[in-house]
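In: Quick one: sequence and predicted model below, then my questions.
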Amino acid sequence: MKEKTFKSCCLIGIYICFVILGSCHRGEQQARNDYPITPVPFTSVQIHDDFWDSRLLTNHKVTIPIAFQKAEETGRIDNFRIAGGLKEGEFSSFYPFDDSDVYKNIEAASYSLQLYPDPLLEAYLDTLISYIAAAQEDDGYLYTNRTINPGNTHEMAGTERWVNEEAHSHELYNAGHLYEAAVAHFQATGKRTLLDVAIKNATLVEHVFGWGKTEKAPGHQEIEIGLVKLYRITGNKKYLDLAKFFLDVRGPGKGTYNQMHKKVTEQEVAVGHAVRAQYMYAAMADIAALTGETAYLDAIGKIWSDVVKAKTYVTGGIGSRREIEGFGEPYELPNMEAYCETCASIASAFWNFRMFLLHGEAKYFDVFEKVLYNGLLSGVSLSGDHFFYPNPLASEGQYSRKPWFGCACCPVNITRFLPSLPGYIYAVEGERLFVNLFIGNRAEISIKGLPVKVELVTDYPWKGDVRFVINTGRPVKFDLLVRIPGWARNEAFPSDLYYFKNADLGTVAFNLNGEKAMPGEWNGYASFSRTWRDGDMLELNFPIAPLIVKAHHDVKENTGKVAFQRGPVMFCLEAEDEFPHVLDLIVTGSPGTFNYVPSSLNGTGILERMNFQRTDTISGDYLKDTNSFYLIPYYTWANRGNHEMMVWIPMN
């Protein structure tokens, strides 16, 4: 589809509201067993934020159209036309899981329609869904590679249905993304066209797989999340049972790459492919919430501790080994060889969000925020049309952003994630209202059935001032719980993996209706328990300054090195054309001063007036001081060309 087709669309719709809780139409009607904490639906939150508005608009105007255009150009959409007998030809994209990219695009566009009706876009989706319905075989099977030429399938697909599923066929992976797209489209438009396709496919999958049937696990976890969403929208418990089966049938003794080495309830450390693993951990959280399966909770709790203690980069990135796109040994965190796939950062956000919904502890959103502003946001260029698949922490200039990939999971994944932010800001548990992210917005929230309007105003992450204005119409008693970020508590990370060298920012200041306030403390949150009235104003100030970060001594790669952080944002040292080399610099002295530069990198903060020394790499002698260099946010690197870059800088 041509880019101009989408010019009339506004910001892309958001899917996170439904990832966990299903339809917004259900409001607060939850399944009897569910997450104890309920996210406030994205439809109730409107973002008005200097930092995020431009990124969301770029995502809509540039990235979403590119995703559909690439799906057309690469044959991904033609595959459905050909499989449905609407066009002659052969399977024309590169991988048999390319069907899933089309489903992700539909999911994103559907939420765009939910927010901003667009007849042209809706008509395009109707046509695209008709191709998918035509490609579906009579019994519900949907996998264009096999349908187009069942006698000559891709080597990853195998010779028969499902025969290679535990390895690389991705038949169930495709199905999972189909289900997510179908639920999104139904919720946005009320049309059952894609939902009926998904239900027909899920009926087949449930007929084939299960105890006493085909006892195989998905090679790439994803369908478990999709089945949970189908369960929530239809109420058909067979889908929930099947999702649980796909977890319980995994392992043992089938390898660590896709987490089949042990039963899922016996796993205690993160191994293998990072995206597959974290999708599985997220699904375990979903199903534990719905079924009360405590063994799942015990397992993902231990695994979370393992990841946070020794397997997460300072940018929030996940995955140190390129050969498996996944986890290495504890403290194995190389910088230039780091993989840190963009999809792994997104999967980390999904998982940590669910852990918060289970336990209500701020530490999970500390990790989420670290990922969001660094390892995840770095995955797309400021212009919205170039992408990173891996996100390393050092470069000799060999890394560059790409306009697309043959395996396009990262671009389409970040495209559907970024506009989901409204669904992450607030959550409710009884009379508690949680504030987890500091993004300017206006929200209408139901607390115990009573409407509450909240306005959040801030210049975060560049400034630490945050103001809430509460309007209730009538007095409403509830607890307002505001997350105090770990960095504002002088905590670099919720483990000893990273720590601040200069950890003395001071205390957070609170004012309620113009008077100093002293909140309670609860699980990392500042708690304000009171009866709220129209016009009540809560103001807080996070002390924010550049901080020096050091790594655990077992991270050998970072011995003698430091990183720099201000608020949730990690910084890096990047060369420019005028100064092409930075890898031979050593930093000395203070972490410098912060300056916001509107003309730089679409408007960004930098750390400047730092002291560096350049060393001769042969003799090791120090050369003259240079103050010509400054640090930029990590998420902005490689937007000015291919240059040297490092997050961890040697310190004298």
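Out: Received, thanks.
In: Next, find the distance separating S383 from I300.
Out: The gap separating S383 from I300 is 37 Å, by Cβ to Cβ, to the nearest Å. The C-beta positions use only the backbone N, C-alpha and C, and glycine is treated the same way.
In: oh sorry, the question was meant for K262
Out: Noted for K262: a distance of 14 Å to I300, by Cβ to Cβ.
In: higher neighbour count, the two?
Out: When K262 and I300 are compared for neighbours, I300 comes out ahead with 25 against 17, by other Cβ atoms under 10 Å.
In: buried residues in the helix or strand hosting that one?
Out: In this assignment (DSSP states H and E), I300 forms part of helix 294-310. Neighbour-count burial for helix 294-310 flags Y296, L297, A299, I300, I303, W304, D306, V307, V308, K309, A310 (criterion: 16 or more other Cβ atoms under 10 Å).
In: any idea which element the closest residue in space to the second one that isn't next to it in sequence lies in?
Out: What it means is L297. Spatial nearest neighbour of L297, chain neighbours left out: A288 (5.0 Å); criterion: Cβ to Cβ, 6 or more residues apart in numbering. Per DSSP H and E, A288 falls inside helix 274-291.
In: buried stuff in that helix?
Out: Of all the residues in helix 274-291, those buried under the rule 16+ other Cβ under 10 Å are 274-290.
In: State the number of residues packed around L583.
Out: With other Cβ under 10 Å as criterion, L583 counts 17.
In: let me redo that: S100
Out: Residues near S100, counting by other Cβ under 10 Å: 26.
In: I figured it hits Y179, correct?
Out: No. Using Cβ atoms under 8 Å as the test, S100 is too far from Y179 to be in contact (11.0 Å).
In: quick one: I548 is in a helix?
Out: No. Using DSSP: H, G, I helix; E, B strand; the rest coil, the assignment for I548 is strand, not a helix.
In: Could you check how far it is from V314?
Out: Using Cβ to Cβ, I548 is found at 12 Å from V314.
In: for V40, same thing?
Out: Relative to V314, V40 is positioned 30 Å away (Cβ to Cβ).
In: Those two - which one has more neighbours?
Out: V314 (27 against 23).
In: quick one: contacts for the more buried one?
Out: V314 is in contact with L393, F493, Y498, V549, A551, A563, Q565, M570, V647, W648, counting by Cβ atoms under 8 Å, 6 or more residues apart in numbering.
In: And the pLDDT for it?
Out: V314 carries a pLDDT value of 98.
In: on that earlier part again, quick one: the contacts of V314 as a markdown table, columns for neighbour count, secondary structure and distance to A344 too.
Out: Below are the contacts of V314 laid out as a markdown table (neighbours: other Cβ atoms under 10 Å; DSSP: H, G, I helix; E, B strand; the rest coil; distance: Cβ to Cβ, whole Å):
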| residue | neighbour count | secondary structure | distance to A344 |
| --- | --- | --- | --- |
| L393 | 27 | coil | 14 |
| F493 | 23 | coil | 17 |
| Y498 | 22 | strand | 18 |
| V549 | 25 | strand | 21 |
| A551 | 24 | strand | 20 |
| A563 | 29 | strand | 20 |
| Q565 | 23 | strand | 21 |
| M570 | 25 | strand | 17 |
| V647 | 28 | coil | 17 |
| W648 | 25 | coil | 20 |
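In: Looking at these, spot the one nearest S527.
Out: F493 (23.4 Å; Cβ to Cβ).
In: Measure how far stretch 62-79 is from the centre of its chain, please.
Out: Distance, stretch centre to chain centre, for stretch 62-79: 22 Å (Cα atoms, centre = their mean, to the nearest Å).
In: quick one: average pLDDT of that stretch?
Out: Here the average pLDDT along stretch 62-79 is 94.
In: Mind exporting the C-alpha coordinates of that stretch to PDB?
Out: Extracted in PDB, the C-alpha atoms of stretch 62-79 (Å, rounded to 0.1, in the frame of the first residue of the first chain):
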ATOM      1  CA  VAL A  62       6.300   7.600   8.700                       C
ATOM      2  CA  THR A  63       6.700   4.200  10.300                       C
ATOM      3  CA  ILE A  64       3.200   2.700  10.000                       C
ATOM      4  CA  PRO A  65       3.000   3.500   6.300                       C
ATOM      5  CA  ILE A  66       6.400   2.000   5.700                       C
ATOM      6  CA  ALA A  67       5.400  -1.200   7.400                       C
ATOM      7  CA  PHE A  68       2.400  -1.700   5.100                       C
ATOM      8  CA  GLN A  69       4.400  -0.500   2.000                       C
ATOM      9  CA  LYS A  70       7.100  -3.100   2.800                       C
ATOM     10  CA  ALA A  71       4.500  -5.800   3.300                       C
ATOM     11  CA  GLU A  72       3.300  -5.100  -0.200                       C
ATOM     12  CA  GLU A  73       6.700  -4.800  -1.800                       C
ATOM     13  CA  THR A  74       8.100  -7.900  -0.300                       C
ATOM     14  CA  GLY A  75       5.200 -10.200  -1.200                       C
ATOM     15  CA  ARG A  76       3.900 -10.700   2.300                       C
ATOM     16  CA  ILE A  77       0.400  -9.600   1.200                       C
ATOM     17  CA  ASP A  78       0.600 -11.200  -2.200                       C
ATOM     18  CA  ASN A  79       1.200 -14.500  -0.400                       C
END
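In: what's next to it, contact-wise?
Out: So stretch 62-79 is contacted by 1-3, 5-6, 9, 12, 87, 89, 91-94, 98-99, 101-102, 104-105, 108-109, 112, 128, 131, 135, 144-145, 148, 380, 383-385, 404, 408, 411-412, 414-415 (Cβ under 8 Å, 6+ apart).
In: Same question for stretch 363-373.
Out: For stretch 363-373, the external contacting residues (Cβ under 8 Å, 6+ apart) are 308, 312, 315-317, 345, 348-349, 352-353, 355-356, 424, 436-437, 461, 483, 485-486, 491, 493-494, 524, 568-570, 633, 635.
In: Per the annotation, how does this structure divide into domains?
Out: 1-249, 430-485+507-541, 547-650 (automatic domain parsing).
In: P451 versus R474, what's the distance?
Out: 9 Å.
In: swap in V314?
Out: For V314, the distance to P451 - Cβ to Cβ - is 41 Å.
In: just P419 next, same as before
Out: The gap separating P419 from P451 is 25 Å, by Cβ to Cβ.
In: the more surrounded of the two?
Out: The residue with more neighbours, out of P419 and P451, is P419; 28 against 14, by other Cβ under 10 Å.
In: Is the more buried one in a helix, a strand, or coil?
Out: P419 - assigned by three-state DSSP - is helix.
In: correct me, but it touches Y111?
Out: Yes. Judged on Cβ under 8 Å, P419 makes contact with Y111 at a distance of 7.4 Å.
In: Pull the contacting residues for W351.
Out: If a contact means Cβ under 8 Å, 6+ apart, then W351 has Q278, Y281, A282, A285, I300, W304 as its contacts.
In: Just send these back as TSV, with pLDDT too.
Out: Formatted as TSV, the contacts of W351 follow (pLDDT from 0 to 100):
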residue	pLDDT
Q278	98
Y281	98
A282	98
A285	98
I300	98
W304	98
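In: of those, closest to V205?
Out: A282 (19.6 Å).
In: Just give me the residue closest to the centre of this protein.
Out: A centroid search over the chain (Cα atoms, centre = their mean) returns I346, at 2.5 Å, as the residue closest to the centre.
In: Distance of it relative to Y279?
Out: Applying Cβ to Cβ to I346 and Y279 gives a distance of 10 Å.
In: looking at this protein, which helix or strand does the model trust least?
Out: Sorting the helices and strands of the chain by mean pLDDT, DSSP states H and E puts helix 16-21 at the bottom, at a mean of 36.
In: which element follows that helix toward the C-terminus?
Out: Using DSSP H and E, the next helix or strand after helix 16-21 towards the C-terminus is strand 38-39.
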